[in-house]
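Asker: Return a 3D structure for these sequence lines:
(chains A and B)
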Amino acid sequence: MAELSLEQVTEQYYDVLREIGNIGAGNAMTALSQMLQCKVDMKVPQVKLLEFSEVGALMGGEEQIMVGVFLGVEGDITGSMMFLVEQKSAKHLINKIMMGMATEGEAFTEMELSAMQEVGNIITGAYLNSLSTLTNLCIVPTPPALTVDMAGAILSVPAIEFGIFGDKILLIQSQFFDEVEIDGYFILIPDVDSYAKILSSLGMSV
Amino acid sequence: MGEIIKVGMADLKTCVSPNGVTTLGLGSCVGIALRDPVSKVGGLAHIMLPDSTAIRNSQQNIAKFADTGIEELVRQMESLGARRGRIVAKIAGGATMFQFQGRTNSTMQVGQRNVEATKKKLGEMKIPILAEDTGANYGRTVIFYPETGEFHIKAVGKPESVI
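Answerer: Alright, predicted model coming up:
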């Protein structure tokens, strides 16, 4: 096997993640729909490769308050994954799950955060499941951590991981709606050793 | 009041009083505000990673790393009339955005490592740190005014502070 240049890997890796992202986001929405027991419509996910400076703008500015669910990935591949949703959308999802018992206003109660963590768990679990099925690799998510903060601050976590390889970040924007439109974002961040594993398991020569 | 110049992630900008510099939503990244109190030349770097030498890929954005970012900011400030011997620093950021129970690996501690690398580099360049607001688990928006040296810090659900 020839020595891989990081640039080449990155090119291929982006293409592959684009595909995985489409399928993963679709699966995640199906899981969400089952959990909420209602029809969730979804637009075709947009896979975006952005400069660090553009990411905040996409989500309504670096200071837009978002809920971020972040978890580690273990098994045959290692790395991490993040799901982000805008504060108002998060509140809407929580309200659905809590049968309309969510509180008004911007702050989240302990119970609401816990419910949101569960939503994040199910959505990211479905996403990783489809990745696992596609690649035939064992992929085990670790329990998620959740935070409510400015988009820029939350995104610094995956941005730093991508920053090790380049100056861009790859994310999947998935818009879905029941009564209201909800913008969610998926970011998958495999560790460097896991690139080759994902690529070769999908039949790409590396 | 002057203009406020925006600094993005992995970016750096200089400014001269009465202008100021700002960066929005610092998480595990560190914002390094430098100022020469005599010439009132200032600047802000928003670094993401501690060490450029730990990364193999060489043609990188130098504003991304604590070591190269601080060097470059000082160089640009000097070209605007700042003197290295007079430059002082204030730093913010380096938060741990997600807390995992019983799990600590390098990703989780990158905020802390960014702060350490920043202090080390500033120490090597003999630039004193006058104030800092680092660590904890929340994001910060910062605005720096080279005129007064005031470093304003805003966080979600917290009153604005000035260091």
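Asker: for the spatially most central residue of chain A, phi and psi?
Answerer: Nearest to the geometric centre of chain A sits residue A:186, at 2.1 Å (Cα atoms, centre = their mean). The phi and psi torsions at residue A:186 (degrees, to the nearest 10) take the values phi -110, psi 140.
Asker: what's the least confident helix or strand in chain B, going by average pLDDT?
Answerer: Ranked by mean pLDDT, DSSP states H and E, the weakest helix or strand in chain B is strand B:158-162, scoring a mean of 89.
Asker: Show me what that strand is packed against.
Answerer: strand B:150-155 (3 or more Cβ pairs under 8 Å, 6 or more residues apart in numbering or on different chains; DSSP states H and E). (Each C-beta comes from the backbone N, C-alpha and C, glycine too.)
Asker: how much space is there between residue A:117 and residue A:31?
Answerer: In this structure, residue A:117 and residue A:31 are 15 Å apart, going by Cβ to Cβ, to the nearest Å.
Asker: So which of those two has more stuff around it?
Answerer: Between residue A:117 and residue A:31, counted using other Cβ atoms under 10 Å in any protein chain shown, the more crowded position is residue A:31 (21 against 17).
Asker: After the host helix or strand of that one, which helix or strand is next?
Answerer: If you go by DSSP states H and E, residue A:31 is part of helix A:6-36. For helix A:6-36, the following helix or strand on the C-terminal side (DSSP H and E) is strand A:41-42.
Asker: Listing partners with orientation, what would you give for that next one?
Answerer: Looking at strand A:41-42 with DSSP bridges, its partner strands are strand A:168-177 (antiparallel).
Asker: Give me the distance from the partner strand to the chain's centre.
Answerer: Chain-centre distance of strand A:168-177: 8 Å, with Cα atoms, centre = their mean, to the nearest Å.
Asker: which residues are in contact with it?
Answerer: A:14, A:17-18, A:21-22, A:24-25, A:28-29, A:32, A:40-43, A:45-52, A:55, A:58, A:155, A:158-159, A:162, A:181-188 (Cβ atoms under 8 Å, 6 or more residues apart in numbering or on different chains).
Asker: Now name the helix or strand holding the residue lying closest to residue B:21 once chain neighbours are set aside.
Answerer: Spatially, and ignoring its direct neighbours in sequence, residue B:21 is nearest to residue B:44 (3.9 Å; Cβ to Cβ, 6 or more residues apart in numbering or on different chains). Secondary structure from DSSP H and E places residue B:44 in strand B:41-47.
Asker: just residue A:122 next, same as before
Answerer: helix A:110-135.
Asker: tell me the angle that helix makes with strand A:168-177.
Answerer: 110 degrees (axes from the mean of the first three to the mean of the last three Cα atoms, to 10 degrees).
Asker: which residues of chain A score low on pLDDT?
Answerer: Filtered on pLDDT under 70, chain A yields the residue ranges A:1-14, A:17, A:205-206.
Asker: What residues does it have near chain B?
Answerer: Applying Cβ under 8 Å from any Cβ of the partner chain, one finds that chain A approaches chain B through A:6-7, A:52-53, A:55-56, A:61-63, A:65, A:68, A:70, A:72, A:80, A:107, A:142-143, A:145-157, A:159-161, A:163-167.
Asker: burial of residue 80, as a residue count?
Answerer: Chain wasn't specified; assuming chain A. Counted with other Cβ under 10 Å, residues neighbouring residue A:80 total 23.
Asker: my bad, the chain I had in mind was chain B
Answerer: 15.
Asker: what pairs with the residue nearest to residue B:21 across the strands?
Answerer: Residue B:44 forms beta bridges with residue B:13, residue B:33, as assigned by DSSP bridges.
Asker: per-residue confidence at it?
Answerer: Listed pLDDT for residue B:44 reads 95.
Asker: Bridging across strands, which residues link to residue A:148?
Answerer: Residues in beta-bridge contact with residue A:148 (DSSP bridges): residue A:67.
Asker: same check, this time on residue A:141
Answerer: residue A:73.
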